[in-house]
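1. Here's my sequence, what's the structure:
(2 chains)
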Amino acid sequence: MDPPLKGMEPQVPVVTKKKRTRKTATAETMAASQREISVSEFFAKNRHLLGFDNTRKAMLTTVKEAVDNALDACEEGDILPSLKIQLLQLDETRFKIIVQDNGPGIVRRQIENIFGKLLYGSKFHRMKMSRGQQGIGISAAGMYGLMTTGKPVKIISKTGPRKPSHEVVLKIDTSKNRAEVVSDTEHPEDDSMFPDGHGTIVSIELEAKYQKGRQSVDEYLEQTAIANPHAEITYITPANETIVFPRAVTELPEEAKEIKPHPKGIELGTLIQMLERTESRQLGGFLQKDFCRIGQQKAKQLAEGAGMTARTWVKNVGHAEAERLFKSIQNTRITSPPTDCLVPIGSKALLAGLLKEVKAEFFAAATRPPSVYRGNPFQMEVAIAFGGELKGDESARIIRFANRVPLLYQQSACSSFKAVVETGWKNYSLAQPRGSLPVGPLVIMIHMASVWVPFTSESKEAIADYDEIRKEMRLALQECGRKLGTYLRRRHRMKKESERRSIFERYIGEIATACNAITGVDAAKLYAALQKQASKKTAEADQMLDDEGQVVDDGGRLAKDDDVIILENRQVGALEEADEDLFGGHALQRTRKKSTAKKNARRKSSPRKKTTTTKKKARR
Amino acid sequence: MAKKKKAATKKKTTPARKKRGAAVSKERDKATNRAIELLADSVARDGLKGREPSVDIPLRTVTNMKWNKRKRILEMGDSTQTRSLFNVGQAKKFMQTLLLAKGSRELIKAEKTLSLRGMYYMTLHTIEGTNEKTFNDQGESDTVLEDLEVSLGGLREELHVFAKKRGTMVGNITVEDNGDEIDCRRMGTGGYAIPSICEPSVIQFKKCDADFVLHVEKDTVWSRFNEDRFWETHNCILTEGSGQPPRGVRRLLHRLNKELGLPIYCLLDCDPWGHYIYSVIKQGSINLAFESQRMAIPDAKYIGIRAEDYERCNLSPDVRIALNERDITRAKQISEYPWFKDKRPWQKEIKRLLSNGFKMEVESLITKDISYVTETYVPDRLREKDFLD
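-> Down below sits the predicted model:
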């Protein structure tokens, strides 16, 4: 007999006379314990999937869901949003979050559904750009509150100036995925609570933790204010401080159009489902009505490609036919989906938002033309802020948005992070360690607008890494980077130029005096003559060529660029240091006199202030 | 100077007395003055005419140095560097050059001399309207002054500037220094401090009985020789240059050699730096190649210490100092110098130094006996005429 293998004990058969206690389950007994799991129950157990992993994140997620809903509601109701967020600390770990909006309000009968049912909402089935997507958020927050504190959710809503407001207290029945109304009060004509005559107040009590800094409610609201310059946000912190993020633009973003799915963006299963649900009776009609970008011709072509005709009855399309149709779709060229469904923030508003919240000196924005991934149209926007009061010795800060919603967690898993890393910032005069973010006083803002943002998880923290998306991000980043590079080079050159000039000018006086002492030449005359030469010498150097071989006039192309804002009065000392690092520290003397002719601040495309520029060279 | 003035006045008037207070003759002052005026004039004229003012300065680098095989000295080549005002890197130096020119003109006018440091202070001020000073440190002013010397074709003393004095002398000689007679046989333990300007207008040789000059590297060794009254027993002059000898010491040695015909023997450390000191005394330095004519002593001889001495004198291993990376590079550089290149004894010496892998100081001979160097080592070498040339 072979020796037993190492680590394996020889099997000694144990003979037990004990009776087996285990019962054999039969199909019948098993069936008794098999039952449906409600969505609510599932998420109650897996709350991390929705962003309620810990108390700190729970706080943020709750605020986020409430704010997202409020903004969506206001925009759909064509109302300039004014939000008020209040965090009340009741106990060490217990908070009450109250979010009020001036949106159109919610009709009484829908309140239970919206706040008490998971996966209920207007946004899931349509192809329209909006903040919320699934209809999980706010009800999940309410559910979390109920689970951790036992306290129900309170909603007060008013739909119009002459209508009563309803105060509803809701509990979610997790097993039935349904709301239970605890109390329902009607306040007639109560306008004191809603100055605009309409709006909604949600208050949720929950176990949470408040912390400042990164990934905090404060940061979230600050970034929300950047991406939503049309909103006015009032924030009352647990310490009872009031922070107001003012409104920077008074125009609402254009309303996003709803589109039908693009044939290239669906999967076979979805296609079969759509075939089952369609109201059209013939294949041609189905294709034309239920999809975008398909006309009569295309429908015919697709049907024929699958061995059918446009007249084929939909009910006759079985599984095999559907599969052929799916293949036919993949093999046919179809126009990209319409892009008017996308509402980018727009360079102007992006800059306005950044300008108001970030104390930098240089701002640039780029909006890419719309593009498509998996049949879903999307559009990338990037804005950067550089210098000013930003810290120069740290990695750049990336702030990410998807449909105007800030993404705070899982930065490194996000496609945008990868796009920033793979962009060569060294070309734009910034330091960038291998395989990491650029280093410098830089804030990079990336916004993805899409009818369907591909998140890596339900808690909506990171954008999935589709090649098409990353490419668009990179192109937008490069566009901004080039502007920054041009600006930095110009600033560096101007600094060097004025330094050069000031060096000459500094010594000219000494030379004139010395020559006067030796030969008796007229010092003032010699000084003037040398001064003239110095100006001429440095003026020649002013006309250096920029990176694209064009003669740089004093403002450069940047001055004419609508997507760039330069605030030269924000150039501060900290910045110059960073600058020297960037350019290898060959700045000459640090004793340069402050340029007397201070370059006037150039503010362009700023919605609040428009100043024209008077250009002057730094001259003594 | 002021102290000695009293003592000198007691003595009878000598012809040298009328030169008191002026190291340079009036004629040469005039020439220097003219050169300075020409320099400033060309700058002013260029400036007024809208041309870029510039000064041509002969290069003081290895590349612009020529080995004159016939004269056996280093000479400066013809390459010059143009220093112009409208060049960011040169603007400040340009200004400094003019400032120093102005400074020396004032000194010439006032018939006074200043030390390098004094000159630095004289021209030091804050540039109007800035908080920048005309010079950051004395080093800056010293180099620019050397530039000015070469570009004016004048010497430092002609600009009425002198260096801090360094170096000592004792021995069988009497000199007259600015009218004061100095008997170098009666200098006690301290010796006669060699002035930084040793031009004939300042120092004249009077009575000299010495047969040769022994130049040692540093003060410590010199003290040993002086205490043992070596100059008396061997009838010589004993000098010391505190490492790399300054211009004054070199000029004095040159004059002792040329005017009195005394052979010069050098006792230096056995390391590349000692070798270079010898090279500077003998051939002239790269930096001051324009003065080699007045400084270099092609006939100077090298007594030691030599690489072979470790075994020859049976020295203790403790005296060995390992050669470092820099020493090795420097030794190789020195062996490539044209004036060492075709001298086989020198090639052998440097080779030996490198193969030994260590250097030795003159003081290492003290391990044999306190007075070994004065009583045995040097006398033996002198008797055997065992020198490196």
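
2. what's the nearest residue to the residue of the stretch 201-350 of chain B found nearest chain A if we skip its chain neighbours?
-> Chain A sits closest to B:Phe290 of the stretch 201-350 of chain B, with a gap of 23.1 Å, by CB to the nearest CB. Just so you know, the C-beta spots here come from the backbone N, C-alpha and C atoms, and that holds for glycine as well. Counting by CB to CB, 6 or more residues apart in numbering or on different chains, B:Phe290 lies nearest to B:Met76, which is 4.5 Å off, once chain neighbours are set aside.

3. which residues touch residue 364?
-> No chain was given, so I picked chain A. Going by CB atoms under 8 Å, 6 or more residues apart in numbering or on different chains, A:Ala364 touches A:383-384, A:480, A:483-484, A:487, A:561, A:563-565.

4. The intended chain is chain B.
-> B:Ser364 neighbours (CB under 8 Å, 6+ apart): B:305, B:315, B:319.

5. and it, how far is that from chain A?
-> Distance, B:Ser364 to chain A, by CB to the nearest CB, to the nearest Å: 46 Å.

6. What are the contacting residues of the helix or strand hosting A:Leu350?
-> In this assignment (DSSP states H and E), A:Leu350 forms part of helix A:347-357. Helix A:347-357 has contacts (CB under 8 Å, 6+ apart) with A:222-223, A:225-230, A:245-246, A:248-249, A:253, A:345, A:360, A:363, A:365-367, A:381, A:383, A:385, A:443, A:445, A:447, A:562-563, A:565, A:605-608.

7. Let's see which of those end up in strands.
-> If you go by DSSP state E, those have A:245, A:363, A:365-367, A:381, A:383, A:385, A:443, A:445, A:447, A:565 in strands.

8. Find the pair from the residues you listed with maximum spatial separation.
-> Greatest spacing in these, by CB to CB: A:Phe245 and A:Ala366 (24.1 Å).

9. Would you mind giving the secondary structure of residue 310?
-> In the absence of a named chain, this looks at chain A. coil (DSSP: H, G, I helix; E, B strand; the rest coil).

10. Chain B is the one I meant
-> State at B:Tyr310, reduced to three classes by three-state DSSP: helix.

11. ok, the residue nearest to A:Leu475 when sequence neighbours are not counted - contacts?
-> Computed as CB to CB, 6+ apart, the closest residue to A:Leu475 that is not its neighbour in sequence is A:Arg368, at 6.0 Å. Residues counted as contacts of A:Arg368 (CB under 8 Å, 6+ apart) are A:379-381, A:472, A:475-476, A:479.

12. Tell me the one of these nearest chain B?
-> Nearest to chain B out of the contacts of A:Arg368 is A:Glu479 (CB to the nearest CB; 34.6 Å).

13. which residues of the stretch 451-600 of chain A score low on pLDDT?
-> Where the stretch 451-600 of chain A drops to pLDDT under 70, the residues are A:458, A:539-561, A:568-600.

14. domains in chain B, as residue ranges please.
-> Following automatic domain parsing, chain B resolves into domains at B:26-162, B:168-384.

15. Can you add distance to A:Leu408 and mean pLDDT and give these back as TSV?
-> Shown next, in TSV, are these (distance: least, CB to CB, whole Å; pLDDT from 0 to 100):
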stretch	distance to A:Leu408	mean pLDDT
domain B:26-162	48	86
domain B:168-384	55	91
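
16. now A:Lys264: how far from chain B?
-> 61 Å.

17. Contacts only, for that residue.
-> Residues counted as contacts of A:Lys264 (CB under 8 Å, 6+ apart) are A:329-330, A:334, A:372, A:374-375.

18. B:Glu75 too?
-> Residues near B:Glu75 by CB under 8 Å, 6+ apart: B:65-68, B:284, B:289-290, B:292-293.

19. quick revisit: highest neighbour count among the ones in strands among the contacts of helix A:347-357?
-> A:Phe363 (33 neighbours; other CB atoms under 10 Å in any protein chain shown).

20. Quick check: the gap between that residue and chain B.
-> Taking CB to the nearest CB, one finds A:Phe363 at 32 Å from chain B.

21. neighbours of the closest residue to chain B within the stretch 201-350 of chain A, just the number please.
-> The nearest approach of the stretch 201-350 of chain A to chain B comes at A:Ser347, 39.2 Å away (CB to the nearest CB). Other residues near A:Ser347 number 21, with proximity taken as other CB under 10 Å.

22. May I have the residues that are in contact with the closest residue to it other than its chain neighbours?
-> In space, and not counting its chain neighbours, A:Ser347 is closest to A:Ala365: 4.0 Å by CB to CB, 6+ apart. Contacts for A:Ala365 were tallied using CB under 8 Å, 6+ apart; they are A:347, A:350-351, A:354, A:381-384, A:480, A:563-564.

23. Can you give me the neighbour number for B:Lys341?
-> By other CB under 10 Å, the residues close to B:Lys341 number 12.

24. care to break chain A down by domain?
-> Annotated domains of chain A cover A:43-245, A:263-331, A:347-483 [automatic domain parsing].

25. Format the ones you listed as JSON lines; extra columns: distance to B:Val88.
-> As requested, the domains of chain A are exported to JSON lines (distance: least, CB to CB, whole Å):
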{"stretch": "domain A:43-245", "distance to B:Val88": "42"}
{"stretch": "domain A:263-331", "distance to B:Val88": "60"}
{"stretch": "domain A:347-483", "distance to B:Val88": "21"}
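
26. Deepest-packed of those, please.
-> Comparing those by mean neighbour count (mean count of other CB atoms under 10 Å in any protein chain shown), domain A:347-483 ranks first with a mean of 21.

27. Now do the end-to-end distance for that domain.
-> Start and end residues of domain A:347-483 are separated by 14 Å (CA to CA, to the nearest Å).

28. How far off centre is that domain?
-> Its chain's C-alpha centre and that of domain A:347-483 lie 8 Å apart, by CA atoms, centre = their mean, to the nearest Å.

29. Likewise for stretch B:319-327?
-> Per CA atoms, centre = their mean, the centroid offset for stretch B:319-327 relative to its chain is 26 Å.

30. swap in stretch B:147-163?
-> Relative to its chain's centre, stretch B:147-163 lies at 14 Å (CA atoms, centre = their mean).

31. Tell me the buried residues in it?
-> For stretch B:147-163, burial by neighbour count (16 or more other CB atoms under 10 Å in any protein chain shown) applies to B:147-152, B:154-163.

32. restrict those to those near chain A?
-> Among those, proximity to chain A is found for none (CB under 8 Å from any CB of the partner chain).

33. Restricted to strands, list these.
-> Secondary structure from DSSP E places B:161-162 of the buried residues of stretch B:147-163 in strands.

34. ok now do residue 102, which residues does it touch?
-> Using chain A here. By CB under 8 Å, 6+ apart, the contact list for A:Asn102 reads A:74, A:79, A:81-83, A:194-196, A:198-199.

35. that answer is for a different chain, and I need it for chain B
-> A:514, A:517-518, B:36, B:40, B:123.

36. Also B:His275?
-> Each residue near B:His275 by CB under 8 Å, 6+ apart is listed here: B:268, B:331, B:334, B:350.

37. about what we covered before: grab the two from the contacts of B:Lys102 that are most spread out in space.
-> B:Ala40 and B:Thr123 (14.5 Å).

38. so which strand or helix has the residue nearest to A:Arg47 when sequence neighbours are not counted?
-> In space, and not counting its chain neighbours, A:Arg47 is closest to A:Tyr144: 6.2 Å by CB to CB, 6+ apart. Using DSSP H and E, A:Tyr144 sits in helix A:137-149.
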